[in-house]
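**Student:** dropping a prediction and its sequence here:
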Amino acid sequence: SFVGEAVGAIVSFVLYRKGFHKLSETKWFSYPKVKRLLEAEGIEAFSLVLSLRLLPFVPSGLVTFVAAIGHTSLLIFIIASSLGKLPALLLEAYSVYQVMNWTWQGKVISTFLAVFLFLFTWKKIAHKKA
């Protein structure tokens with residue numbers, strides 16, 4: 001899983017860099033937080049990519065895309081992205097193991113997931129009726 005995630009991010013980075021580099025001048029990328037990653041180099045780029053990879057609700061494709069069309073070097077992206085994905089993969093593997101073996105942790109994970117899906121579905125249905 002780790003190798004697949006890392007290779008996928010690298011391939012995406014290279015393809016984005018070749019195909020979309022000119023997009024960095026568009027208005028959409030003028031937002032301060034996006035611009036910071038676009039202009040980041042060296043240690044700053046490393047820490048931004050690493051921290052964004054550690055946040056579970058930040059889309060990794062967006063991080064890859066912005067880093068690729070910005071000034072982040074390929075080597076810095078590879079290291080930061082791979083290190084940032086490692087904790088998420090370990091957490092996913094742990095969760096799947098617990099659910100598959102139906103331990104008490106697996107039951108808690110399944111219960112939280114079921115409650116979340118129920119509330120999400122209920123909210124969507126209630127929103128459509130209004």
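**Tutor:** That came in fine, so what should we check first? Everything numeric in this text was worked out from a predicted model, so none of it was measured.

**Student:** could you use CA atoms for every contact and neighbour count after this?
**Tutor:** Noted.

**Student:** list the helices and strands the least confident helix or strand in the chain by mean pLDDT packs on?
**Tutor:** Least confident helix or strand of the chain, by mean pLDDT, DSSP states H and E, is helix 32-39 with a mean of 79. With contacts taken as 3 or more C-alpha pairs under 8 Å, 6 or more residues apart in numbering; DSSP states H and E, helix 32-39 sits against helix 42-54, helix 60-69.

**Student:** pull out the buried residues from the helix or strand just after the last one.
**Tutor:** Moving toward the C-terminus from helix 60-69, the first helix or strand encountered (DSSP states H and E) is helix 74-100. The neighbour-count check on helix 74-100 (16 or more other C-alpha atoms under 10 Å) flags 76-78, 80-86, 88, 98-99 as buried.

**Student:** closest to residue 70 out of those residues?
**Tutor:** residue 77 (11.1 Å; C-alpha to C-alpha).

**Student:** that closest one and residue 55, how far apart?
**Tutor:** To residue 55, residue 77 is 16 Å away according to C-alpha to C-alpha, to the nearest Å.

**Student:** circling back to that earlier point, in TSV, list the helices and strands packed on helix 32-39 along with mean pLDDT.
**Tutor:** TSV is the format used below for the helices and strands packed on helix 32-39 (pLDDT from 0 to 100):
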stretch	mean pLDDT
helix 42-54	91
helix 60-69	89
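
**Student:** of those, which is nearest residue 129?
**Tutor:** Comparing these against residue 129 with C-alpha to C-alpha, the closest turns out to be helix 60-69 (33.2 Å).

**Student:** got the angle for the closest one vs helix 32-39?
**Tutor:** 50 degrees (axes from the mean of the first three to the mean of the last three C-alpha atoms, to 10 degrees).

**Student:** for helix 60-69, buried residues please.
**Tutor:** Going by neighbour count (16+ other C-alpha under 10 Å), the buried part of helix 60-69 is 60, 63-69.

**Student:** the residue nearest the centre of the chain and residue 16, how far apart?
**Tutor:** Residue closest to the mean C-alpha point of the chain, counted by C-alpha atoms, centre = their mean, is residue 60 at 2.5 Å. According to C-alpha to C-alpha, residue 60 and residue 16 sit 13 Å apart.
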